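Peer 1: prediction below, plus the sequence it came from.
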Amino acid sequence: MFLKNLTIQRPSSSRRAGQRESRKCAGFTLIELLVVISIIGFLATAAMLAFNIARVKARDTKRMADIKQIQTALELYYDNHGYYTSETYCDSSIGSCGHGCPCSGSDWDYSNYIGKALRNDGIMKNLPKDPINNTSYYYSYEPDCNQGRCPSPAGCCYYSIRARLEKGGSFTLTGGKQ
C-alpha cells in the first residue's frame, strides 16, 4: 500500500526541450567555427601580401637613394681630382673581379678603385650595399675611362651606377664631364 501512494514526477516534455535549447545556445557549431577560421585566414593572407608589396617598394626606394648617394660622392671625387675613379672589370656591392658582374663576395672591395678612392678622400667611409645584396640584386659601377667618350689622357670622364629593382627593370644614374 505504501507503494500505491508514491508517485514519481517526471519533468514535462517542454522542460526537457528547454534544456536542450539552452545547451544548443551555449556554444558555436563546428561549421560556424570553420567559417570564422577561414575568414581570419583569408584576412591574414591579404595582410601578408600587402606587407610584402610594401617591403619590396621600400627596398627599391632604398636602392634609388643609395645610387644617388654614390653619384653625389663620385661628383665630389671629380671636383677634387678632375676625373672619376677607375675600376676593375666589375666593381659592385658584392665584390670586384676580373670578369663580368656578378662577382662572388659580400661587399665593395676597399683595396682598389671606387671603394678605396672614395674612402681615402674621406668622401664615403663605406659604400652602401643593396638590401638583399646577392648575385641577383647588387649595385654596380661602370666608368668610361680612356676610351669611347673619354679619349686618352682624359682619364675617366663618364660613369653609370646601376641597381636592379624588384618591381622590375633597373635604376641607372649616369654622370660625366668633358
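Peer 2: Looks like it came in fine. As the structure is a computational prediction, the values presented were derived from the model and not from experiment.
Peer 1: got a list of what the residue nearest to D109 when sequence neighbours are not counted touches?
Peer 2: Computed as CB to CB, 6 or more residues apart in numbering, the closest residue to D109 that is not its neighbour in sequence is S96, at 3.7 Å. Every C-beta, even on glycine, is put in place using the N, C-alpha and C of the backbone. S96 makes contact with 87-88, 90, 103, 105, 108-109, 112-113, 115, according to CB atoms under 8 Å, 6 or more residues apart in numbering.
Peer 1: name the strands paired with the helix or strand hosting S96 and say parallel or antiparallel.
Peer 2: Using DSSP states H and E, S96 sits within strand 95-97. Taking DSSP bridges as the criterion, strand 95-97 forms sheet pairs with strand 90-92 (antiparallel).
Peer 1: now do the same for the strand it pairs with: mean pLDDT, whole number.
Peer 2: What strand 90-92 shows for mean pLDDT is 82.
Peer 1: quick one: contacts of it?
Peer 2: 96-103, 108-109, 113-115, 138-142.
Peer 1: would you point out which residue is most central in this structure?
Peer 2: R59 (4.1 Å; CA atoms, centre = their mean).
Peer 1: contacting residues around that one?
Peer 2: R59 touches 131-132, 166, counting by CB under 8 Å, 6+ apart.
Peer 1: which of the contacts of strand 90-92 are buried, as a ChimeraX select command?
Peer 2: Buried residues within these, by 16 or more other CB atoms under 10 Å, are selected in ChimeraX with:
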select :96,97,101,102,103,108,109,113,114,115,138,139,140,141,142
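Peer 1: mind listing which of the contacts of strand 90-92 are in strands?
Peer 2: Mapping the contacts of strand 90-92 onto strands (DSSP state E) picks out 96-97, 139-142.
Peer 1: so which of the residues you listed would you say is closest to T45?
Peer 2: Closest approach to T45 among the ones in strands among the contacts of strand 90-92 (CB to CB): Y139, at 33.3 Å.
Peer 1: nearest residue to that closest one other than its sequence neighbours?
Peer 2: In space, Y139 is closest to S93, 4.2 Å off (CB to CB, 6+ apart).
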